[in-house]
Structure formats: C-alpha cells, structure tokens
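>>> following is a predicted model, sequence given first.
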Amino acid sequence: MDAPKISLKGVRKSFGPKTVLAGIDVDVGAGQSLVVIGGSGSGKSVLLKCILGLLRPEAGSVRIDGEETVGINGTDRARVMKKFGMLFQGGALFDSLRVWQNVAFGPIQADGVPPAKAKEIALAKLANVGLPPEVGELFPAELSGGMQKRVSLARAIAREPEIIFFDEPTTGLDPIMADVINDLIVKCVRELGATAISITHDMASARKIGDRIAMIYEGKLIWQGATADVDHSNSAYVDQFIHGRAEGPIKMQVKKL
Amino acid sequence: MTLAPLTLLGRMTLAFMALVGSVTIFASQAIVQGLRPPYYRQQIIRQMLEIGYYSLPVVGLTAIFTGMVLALQSYTGFARFSAESAIPQVVVVSLTRELGPVLAGLMVAGRVGAAMAAEIGTMRVTEQIDALTTLSTDPFRYLVAPRLIAAVVSLPILVLVADLIGVLGGYLVAVYKLEFNDLTYLKNTIDYLQFEDVFSGVVKAAVFGFLIALMGCYQGYHSKGGAQGVGAATTAAVVSASILILTFNYFLTEAFFAR
C-alpha cells in the first residue's frame, strides 16, 4: 500500500494555557480531497499552519510523502514547500504587486522563471479561474472579494503543486460566487491531480469539494469518513454542526450580559 | 504585599531582557539571511528610493533650518566673548558630528520606520507573510534584509547631503544676516573640518539606518490583531528607534572622541 501523501500523528499545539490541537491523527492519500469542518476557533487554521510549518507543533509528527517535516531546516522547508499551494481565507494577495505579479510570484521568486514567461503562466492561470487578461494589470485593492479569491486560487495553482490547501475558500462570498469558487476548486484539483485539504464551516462547500470529511472539536478529530456518510455519522456533534443547530452537545461559550 | 514592587521590577526586567533577546535573534536572522542568495535587488533599490530619495525634502528642511538656527544662536552667544569668528567651525562640526546624523536619523525614524512597521504589520495581519513562506520565499530575505541593506547604505548618503544643506543654512544666515565675509566663512568652514568629523557622522548614520530598519521590521513582523495591532507596532517602531538612536549616539561619540 502506498504511503499517505500527508500523515499526521499525535500533533499537539498550544498557545499559552490554551490547547488548540490535542493530538491530531489523520492520513490523506495522494489525490484525495479532505475537508476539515469545525466551529470558529476550533483549531482548523492552526492545523493547516502546523502542516505547512508556519507553526511548530509541540509534539507529534507531520510527514509529507513519508518525510518528517517537523523541525526541518530552512533549505529543506523551502524544498518541501515547493509541493504546496495555498489559498488563504482573506486572499493574502500582495497589495503592492499587480494581479499578474501576484500569480507569477512563485514561479519568478522560487523557481527562477523569467518574468516574461512567468507572465504568460500567470495569464493562463487567471484564464483557468475565469479572469480575463486585463485583470492581470489591476492591483488587488481594485478587485471584488470573489475576484480576489479567484486570483488567490490562480496563485495557489501557478506552480502546479502536488498539495493544495484551502482555508475557508467561500467565507465572505455570496452563495452564487461561493459555488463558482467551489467548482473552480474541484476543477483545478482534478486537473492537477493534487491532494487537497480544505477547512471550512460551509457545509455546501464541504460536500462539493471533499472526498472525505473530518470534524475537529476541542482540538481532536472526533469523526472522519466519506463525504456521503456525513449525514449518517452517528455523532451528535457532527449532526449538530452540519444542521447548524444551537441546541446539542456543542456549547457556544457566550458570556451573559 | 511588601514584595509587590520587587515582583513588578522583576517582571519588567524579565520582559525587557526577553525583548532584547528577541530583537537580537531577529537581527542575527536578518543578517544571516541577508548575506545568502537570492538577493532581491529590485526590493533593495525600491527601499533605497523610499528611505533616501523620498526622505530628502524632510531631512533637507530640517538640516537647513538647523544650520540657520545654529549660526544665529552661536552668534548671540559668542558675541559676548568676541568669539564670532568661531561660528563657521561650530556650525560645520556640530552638523557633521552630531546634528546631521541624529536629526536625520530621528526624521527618518518617524517617516520610514513608521512606514516599514505599518507595511510589514499589515502584511502580517493579512497573512501575506505566511503567503510568502508558502511560495518558498523567505520573509527575512525578501522583506527584512533589503530594508536593512537599503537603510545602512542610504542614510549615510542622506546625512552627507544634510550636512551640506545645513552648512549652507549657516552660511546664508552668517553672510546675509550677520554680515560675515562670504569667502572667509567658507574658508574657515573648510579649514577646520577634519576627515574624522565627517567620517564619524557617516558611521553614525549607517548605525542609525540599521536601527531604524531593524525596529521597523521587528515591530511590524511581530504585530498582532488588526488595525490596532498595526498602529501599536508603528508607534513602538518610532519610539524604540528614536531611543536607540539617542543611546547609540552617546556610545559612538564616546568611541570616536573620548580621549
């Protein structure tokens, strides 16, 4: 059996006294698309940042293609990062650069592609996400939220990564634009044959882009299974979350006035 | 209860030492990464324009008025001892050794240090710095090192220009208001100026440039939260750079001139 593309064992991360990840175990096979669902502040983004090496877990193992990545040096990290693309929740586009320069940033800076060639790649990737070449000359501040997400997606796929992360890709978008982004994600991941991990609390998005769904609660993955099984999870936590009920085992910590 | 002030003092000392350690590690990382390729030449040139060229008006204005005031004040003071002839020397030595680098440093700390902290701080809170890492680009090499290099190179040039403008300010007041002979004023200025006067100012400027960029980048890089965090980082960058400039100025002066 092939080694999983991404393998996490006992990953723990705390910020001061607050434990955010309390021992995460999950494997993602090559070409699979895993969606991690969970409430706000449940540790979804921290999980992605630990895999990317942006945060260092206190304990546990993060293996990419079987290679341990926790504690690796900067050169090895840069090599491993070449496998990744990421769409950030807020887009995280460089606001001092034009759209095409944002998309071409990875090819130019990390891969040494000449700017003229990188611009061609950028415009092709922008076309992949349904944006015309004129958009390439604009600055991120001149774009709508939906267009910024598309540009961020184009940047994430510009280096044709083996692994793509999507951090709340539909947050802040209207339902139609959210569906457009979901379709683009599915299309791009399939075309690249990439492995994907997405985090979201948008169930429509999770159902559309995920092969598997895992739910994180209080720092642990309390359920994981095929997307089709999420409605029959036999977990009261998952049921409450996917149906968006206020009543249930998940208690929101709201201070009374 | 009686130990409360000591506890507070202990906490403040620990926090201060932690800050010094954190800034030192940040500076070492920036220097080590800055020395390794790839070198982002365009970023360095852009920052040199920002720090040097665009700071010229504000530094030039500061220098010319400082030179003018220096000549006027020296005259009113020295006239009591019939020592007016020393004014050209006082103006040029004060400017090149002290006022040029310190005032230029403080003005650039306010203008450029704040801008660096705000820009990098905004990049931090909007995850642009994380995005750099995911694009296999080291934020220290791409963001911090070019700013440090540009500041260390630009500030000495800026200070040399400020010295010239400041001397011009002193000359204008001395010749057109105090009725000094123009050629004598210039001759005295040049004759009494030593290489060490200019060199010490240039070295100070390079150190101040490093401190301004370091504090701007450090505070921005570690900013948290949203707009409030970026605002706090900006203030901290200007205040800490200004204090460091004044502190280092004393030690550099002692290193150059204490006998």
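Received it, and whenever you're ready, just let me know what you need. Residues are numbered from 1 along each chain as shown, chains lettered A, B, ... in the order given.
>>> which stretches of chain B have low pLDDT?
Low-confidence segments of chain B (pLDDT under 70): B:1, B:259.
>>> so what pLDDT did the residue of the stretch 101-250 of chain A found nearest chain B get?
Here the stretch 101-250 of chain A gets closest to chain B at one residue, A:Ala110, 3.6 Å apart by C-beta to the nearest C-beta. C-beta coordinates here come from the backbone N, C-alpha and C atoms, glycine included. pLDDT, A:Ala110: 82.
>>> for it, what are its contacts?
By C-beta atoms under 8 Å, 6 or more residues apart in numbering or on different chains, the contact list for A:Ala110 reads A:78, A:81-82, A:159, B:135-137.
>>> quick one: which two of those residues are the most distant?
Maximum pairwise distance among these (C-beta to C-beta): 12.6 Å, between A:Ala78 and A:Arg159.
>>> more neighbours, the two?
Per other C-beta atoms under 10 Å in any protein chain shown, whichever of A:Ala78 and A:Arg159 has more neighbours is A:Arg159, with 22 against 15.
>>> just the element for the more buried one, please.
Using DSSP states H and E, A:Arg159 sits within no helix or strand.
>>> and the spatially most central residue of chain B, what element?
Centroid-nearest residue in chain B: B:Gly105, 2.4 Å away (criterion: C-alpha atoms, centre = their mean). Using DSSP H and E, B:Gly105 sits within helix B:100-108.
>>> what's that helix packed up against?
helix B:56-78, helix B:145-176, helix B:195-221, helix B:227-257 (3 or more C-beta pairs under 8 Å, 6 or more residues apart in numbering or on different chains; DSSP states H and E).
>>> so can I have TSV of these showing distance to A:Asp229?
Listed next are the helices and strands packed on helix B:100-108 as TSV, based on distance: least, C-beta to C-beta, whole Å:
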stretch	distance to A:Asp229
helix B:56-78	65
helix B:145-176	50
helix B:195-221	44
helix B:227-257	42
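>>> can I get the ones you listed in TSV with distance to A:Ala124 and mean neighbour count?
Formatted as TSV, these follow (distance: least, C-beta to C-beta, whole Å; neighbours: other C-beta atoms under 10 Å in any protein chain shown):
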stretch	distance to A:Ala124	mean neighbour count
helix B:56-78	43	18
helix B:145-176	30	23
helix B:195-221	34	24
helix B:227-257	35	17
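>>> adding distance to chain A, write those out as TSV.
Below are these laid out as TSV (distance: least, C-beta to the nearest C-beta, whole Å):
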stretch	distance to chain A
helix B:56-78	22
helix B:145-176	13
helix B:195-221	13
helix B:227-257	13
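>>> how far away is A:Trp223 from A:Asn234?
As judged by C-beta to C-beta, to the nearest Å, A:Trp223 and A:Asn234 stand 9 Å apart.
>>> quick revisit: once you drop chain neighbours, what's closest to the residue of the stretch 101-250 of chain A closest to chain B?
Of all residues not flanking A:Ala110 in the chain, B:Ser136 sits nearest, at 3.6 Å (C-beta to C-beta, 6 or more residues apart in numbering or on different chains).
>>> hang on, the one you found packs against A:Ala78?
Yes: between B:Ser136 and A:Ala78 a contact is recorded at 4.8 Å, counting by C-beta atoms under 8 Å.
>>> where does chain A come near chain B, residue by residue?
Contact residues (C-beta under 8 Å from any C-beta of the partner chain) of chain A with chain B: A:49, A:52-54, A:74, A:78, A:81-82, A:84-86, A:88-90, A:92-96, A:105-106, A:109-110, A:155, A:159.
>>> among those residues, which lie within strands?
A:84-86 (DSSP state E).
>>> check for me that B:Glu98 belongs to a helix.
Yes: the assignment for B:Glu98 by DSSP: H, G, I helix; E, B strand; the rest coil puts it in a helix.
>>> in this structure it contacts B:Phe256, no?
No: with contact defined as C-beta under 8 Å, B:Glu98 does not reach B:Phe256; the gap is 10.9 Å.
>>> now the terminal residues of stretch A:203-219, how far apart.
20 Å (C-alpha to C-alpha, to the nearest Å).
>>> residue contacts, A:Gly219?
Counting by C-beta under 8 Å, 6+ apart, the residues that A:Gly219 touches are A:12, A:19-24, A:42-43.
>>> below-threshold pLDDT in chain A: ranges please.
A:1-2, A:253-257.
>>> for it, what's the longest helix?
helix A:175-192 (DSSP state H).
>>> any buried residues in that one, and which?
A:177-178, A:180-182, A:184-185, A:188-189, A:192 (16 or more other C-beta atoms under 10 Å in any protein chain shown).
>>> A:Val180 and A:Asn128, how far apart?
In terms of C-beta to C-beta, A:Val180 sits 13 Å off from A:Asn128.
>>> sorry, that was for A:Gly66
For A:Gly66, the distance to A:Asn128 - C-beta to C-beta - is 30 Å.
>>> who has more neighbours out of those two?
With neighbours defined as other C-beta under 10 Å, A:Gly66 and A:Asn128 compare such that A:Asn128 has more, 17 against 10.
>>> so who does that one touch?
A:Asn128 neighbours (C-beta under 8 Å, 6+ apart): A:154, A:157, A:184, A:187-188, A:191.
>>> again, only this time at 7 Å
Residues in contact with A:Asn128 (C-beta atoms under 7 Å, 6 or more residues apart in numbering or on different chains) are A:154, A:188.
>>> what residues does the helix or strand containing B:Ile129 touch?
Taking DSSP H and E as the definition, B:Ile129 sits inside helix B:128-134. Contact partners of helix B:128-134, identified using C-beta under 7 Å, 6+ apart, comprise A:52, A:54, A:81, A:84, A:86, A:88, A:92, A:94, B:123, B:139, B:142.
>>> tabulate the residues you listed (TSV), appending distance to A:Glu247 and neighbour count.
Shown next, in TSV, are those (distance: C-beta to C-beta, whole Å; neighbours: other C-beta atoms under 10 Å in any protein chain shown):
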residue	distance to A:Glu247	neighbour count
A:Leu52	36	21
A:Leu54	36	16
A:Met81	43	24
A:Phe84	39	23
A:Met86	36	26
A:Phe88	33	24
A:Ala92	36	24
A:Phe94	44	19
B:Met123	42	24
B:Pro139	45	21
B:Tyr142	49	19
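>>> the residue lying closest to A:Glu168 once chain neighbours are set aside and B:Ile45: what is the separation?
Counting by C-beta to C-beta, 6+ apart, A:Glu168 lies nearest to A:Gln89, which is 4.4 Å off, once chain neighbours are set aside. Distance, A:Gln89 to B:Ile45, by C-beta to C-beta: 33 Å.
>>> same question, A:Phe105
According to C-beta to C-beta, A:Phe105 and B:Ile45 sit 18 Å apart.
>>> I'd say B:Leu158 and B:Ala104 touch.
Yes: counting by C-beta atoms under 7 Å, B:Ala104 is a contact partner of B:Leu158 at 5.6 Å.
>>> and for these two, which residues touch both?
By C-beta under 7 Å, 6+ apart, B:Leu158 and B:Ala104 have these common neighbours: B:Val59.
>>> show me what contacts the residue nearest to A:Ala110?
Per C-beta under 7 Å, 6+ apart, neighbours of B:Ser136: A:78, A:81-82, A:106, A:110.
>>> mind listing which of those residues are in helices?
Per DSSP H, these map to helices at A:78, A:81.
>>> and the furthest pair within the contacts of B:Ser136?
Using C-beta to C-beta, the two most remote members of the contacts of B:Ser136 are A:Ala78 and A:Gly106, lying 11.7 Å apart.
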